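Participant: Have a look at this fold, sequence not included:
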């Protein structure tokens, strides 16, 4: 079934976020069999608008009109929102909400970014620098109720998806005439972060009396004539102290096509692209230049390292730098905080790298081009992006070595529990496993092949969470199965679970949990609204709930997230939070998504339950409250399973 995705971002603007938005649309469009795409464009500061009449632009316009119509008609009901903007503007718009941001160019996110980020189900960033900065940012606040200091951080999963732009054939800029054989290229909006003035001043100081050129493609806010006049005047001021010079600085302003940029990057007289900005989220001009084998001069810090540094080697001319607080005129409350830092390039190192590039070869640049074309191809990035949206696991698959089945019981239904034990033994065979029965174990003394853990008091006071923790503490193996005491493993469960683990990474894994009549027993559901959802429902939804009836966790998950001993079974009836709901919430807040394997089946051996629409209810509830009394009989596969176990 296609997922309806509502994309909100500056898709029509000439800006970095505009390019990022169009990358996202190209990626989603590459899998239109999986996505029904709706677009709501937003502005981006005072940036200009794209103007090319292309098939892609016409497609965007058509989707924008369709989206506007559905919004006006109040018929747009999207499954997922993709919000491409700075995190301050993230909001809950749909059942699943994903933020896609360029991240931060400093060492620290703002508190508001963390708060807004925690409202999302997932955050996508364009570099590992963005992900690391999110992970490393923590704030300390005082809890007014307890008086204790608490640490606030991001608990939303962050995936790195990178980005790219369409590669175009070179298209000459006829107005640009280069006088010298050696020239450097600088593509940069004029602002404090880009270190614009220092870049030009230091270039002129190094090549003042030499026939070397610098091509500067820049603007303040847009591509208007007024913007050009301001840029030209500012550039004159920067160069006013260098009037007696042989080196030349060329100003490029206005709209350039992708082909124009390719022509600049691949020009025979272009020596290198220079960028000594204080930090980059990704650095698209750097990426595009690397893709065309143009040597790069930049600092060895922030987002650009994802495509400039490979297997321990820098494929660029690395400028030395120091980390210092962000200068006052660049601070932006809620975005670039005053206590954050970024990189300051060394003037002497920059000049040394300019000279090095001027006299060097393109060997590293050509090697880098091949790496970039391979690693950041459309095919690979589009698949990575769509997988991130759909919630496909980025965890490395890991085989199961052995399984510990932890089963809490109050001893009320010993015959059913013994069937549970027999079904595990039969299905597991010689595969390494153990069975731990925890609680009132008085009726299982003669049961062979199990470990009994006596916790009589907890078993009869609803403390199932505590029983599970006791079982986990006593368990020995790398994988733990939390199972109720009336569960039966369907034939083939082990094989399906092992096969799934070989090809798909997971930390927490659910599977089909069926009632005896073949209907579903809360095996994949959401909390608000509390309803059963499709088996392919995205793992990233923070609203997911995994019943404690049967689920698997890795050992490291239990070491990190234990069941809450204060939660008792069915405590929702008295205004509390049930133990399995709390466990699901704790798992998700700790970054453990609830994965699912729909090929594995277990049975809930209690025929008093059935599924009614999107709910699992007791049949007597359905009869009393809904008036339905004609229920399906137990299915043949369940009856066969029970019969075989009883015969064994």
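Facilitator: That came through, no problem. These numbers were taken from a predicted model, which means no experiment stands behind them.
Participant: mind checking the longest strand of this structure?
Facilitator: Longest strand in the chain, counting residues (DSSP state E): strand 594-604.
Participant: Could you spell out the sheet neighbours of it, each with its direction?
Facilitator: Using DSSP bridges, strand 594-604 pairs in its sheet with strand 487-489 (antiparallel), strand 508-514 (parallel).
Participant: Which of the ones you listed has the highest mean neighbour count?
Facilitator: Highest mean neighbour count among these (mean count of other Cβ atoms under 10 Å): strand 487-489, with a mean of 26. (C-beta placed from N, C-alpha, C; glycine too.)
Participant: tell me the mean pLDDT for it?
Facilitator: The average pLDDT within strand 487-489 is 97.
Participant: Kindly report the same for stretch 324-338.
Facilitator: Mean pLDDT, computed over stretch 324-338, is 80.
Participant: And for that stretch, what's in contact with it?
Facilitator: 86, 88, 104-106, 108, 110, 112-113, 191-193, 278, 339-342, 344 (Cβ atoms under 8 Å, 6 or more residues apart in numbering).
Participant: What separation do you get for the residue nearest to residue 590 when sequence neighbours are not counted and residue 157?
Facilitator: Leaving aside its chain neighbours, residue 590 sits nearest to residue 561 (5.1 Å; criterion: Cβ to Cβ, 6 or more residues apart in numbering). Distance, residue 561 to residue 157, using Cβ to Cβ, to the nearest Å: 15 Å.
Participant: Counting neighbours, what do you get for residue 594?
Facilitator: Using other Cβ atoms under 10 Å, residue 594 is surrounded by 24 other residues.
Participant: ok, for residue 475, nearest residue in space, not its chain neighbours?
Facilitator: Nearest non-adjacent residue to residue 475, counting by Cβ to Cβ, 6+ apart: residue 404, 3.5 Å away.
Participant: quick one, phi/psi of the one you found?
Facilitator: Backbone torsions of residue 404, given as degrees, to the nearest 10, read phi -110, psi 120.
Participant: Begin at 46 from now on, thanks
Facilitator: Will do, 46 is the new start, and the previous item becomes residue 449.
Participant: Run through the residues that contact it.
Facilitator: Neighbours of residue 449 in contact, by Cβ under 8 Å, 6+ apart: 478-479, 481, 516-517, 520-522, 524-526.
Participant: Where strands are concerned, which of these count?
Facilitator: Under the assignment DSSP E, the contacts of residue 449 contribute 478-479, 481, 524-526 to strands.
Participant: okay if I get those as CSV plus distance to residue 660, pLDDT and neighbour count?
Facilitator: Listed next are those as CSV, based on distance: Cβ to Cβ, whole Å; pLDDT from 0 to 100; neighbours: other Cβ atoms under 10 Å:
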residue, distance to residue 660, pLDDT, neighbour count
478, 34, 98, 20
479, 35, 98, 18
481, 32, 98, 23
524, 31, 98, 23
525, 29, 98, 23
526, 26, 98, 23
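Participant: out of the residues you listed, who's nearest residue 401?
Facilitator: Each of those was scored against residue 401 by Cβ to Cβ, and residue 524 proved nearest at 53.6 Å.
Participant: In contact with the closest one, which residues are there?
Facilitator: Counting by Cβ under 8 Å, 6+ apart, residue 524 touches 445-449, 597-600.
Participant: from these, which ones fall inside helices?
Facilitator: Mapping the contacts of residue 524 onto helices (DSSP state H) picks out residue 600.
Participant: Out of the contacts of residue 524, which end up buried?
Facilitator: 445, 448-449, 597-600 (16 or more other Cβ atoms under 10 Å).
Participant: mind listing what the residue lying closest to residue 353 once chain neighbours are set aside touches?
Facilitator: Spatial nearest neighbour of residue 353, excluding adjacent residues (Cβ to Cβ, 6+ apart): residue 361 at 4.7 Å. Contacts for residue 361 (Cβ under 8 Å, 6+ apart) come out as 335, 340-343, 353-354, 409, 413.
Participant: How about the most centrally placed residue in the chain: which residues does it bridge to?
Facilitator: By Cα atoms, centre = their mean, the chain has its centre lying nearest to residue 204, at 2.9 Å. Using DSSP bridges, the bridge partners assigned to residue 204 are residue 169.
Participant: Verify the contact between it and residue 166 for me.
Facilitator: No - if you go by Cβ atoms under 8 Å, residue 204 and residue 166 don't touch, sitting 11.4 Å apart.
Participant: Name the residues of the longest helix belonging to the chain that come out as buried.
Facilitator: Taking DSSP H as the criterion, the chain has its longest helix at helix 100-118. Neighbour counts over helix 100-118 (16+ other Cβ under 10 Å) mark 105, 108-109, 112, 115 as buried.
Participant: Check stretch 176-185 too.
Facilitator: With burial defined by 16+ other Cβ under 10 Å, the residues of stretch 176-185 counted as buried are 176, 178-179, 182.
Participant: One more: stretch 232-245?
Facilitator: Going by 16+ other Cβ under 10 Å, stretch 232-245 has these buried residues: 232-235, 237-241, 244-245.
Participant: now swap in stretch 608-628 and tell me
Facilitator: 608-609, 612-614, 616, 623-628.
Participant: Endpoints of that stretch, how far apart?
Facilitator: 6 Å (Cα to Cα, to the nearest Å).
Participant: before we move on, back to that, so the residue nearest to residue 635 is in contact with residue 637, correct?
Facilitator: Yes - between residue 606 and residue 637 there is a contact under Cβ under 8 Å: 6.7 Å.
Participant: Settle it for me: which of those two has more neighbours?
Facilitator: residue 637 (22 against 19).
Participant: which residues sit in contact with that one?
Facilitator: Neighbour list for residue 637: 552-553, 598, 602, 605-606 [criterion: Cβ under 8 Å, 6+ apart].
Participant: at 7 Å what do you get?
Facilitator: Counting by Cβ atoms under 7 Å, 6 or more residues apart in numbering, residue 637 makes contact with 552-553, 602, 606.
Participant: Sitting in helices, which of those do you find?
Facilitator: Using DSSP H, these in helices are residue 602.
Participant: Adding distance to residue 273 and pLDDT, write the contacts of residue 637 out as a markdown table.
Facilitator: Formatted as a markdown table, the contacts of residue 637 follow (distance: Cβ to Cβ, whole Å; pLDDT from 0 to 100):
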| residue | distance to residue 273 | pLDDT |
| --- | --- | --- |
| 552 | 54 | 96 |
| 553 | 56 | 97 |
| 602 | 58 | 97 |
| 606 | 57 | 97 |
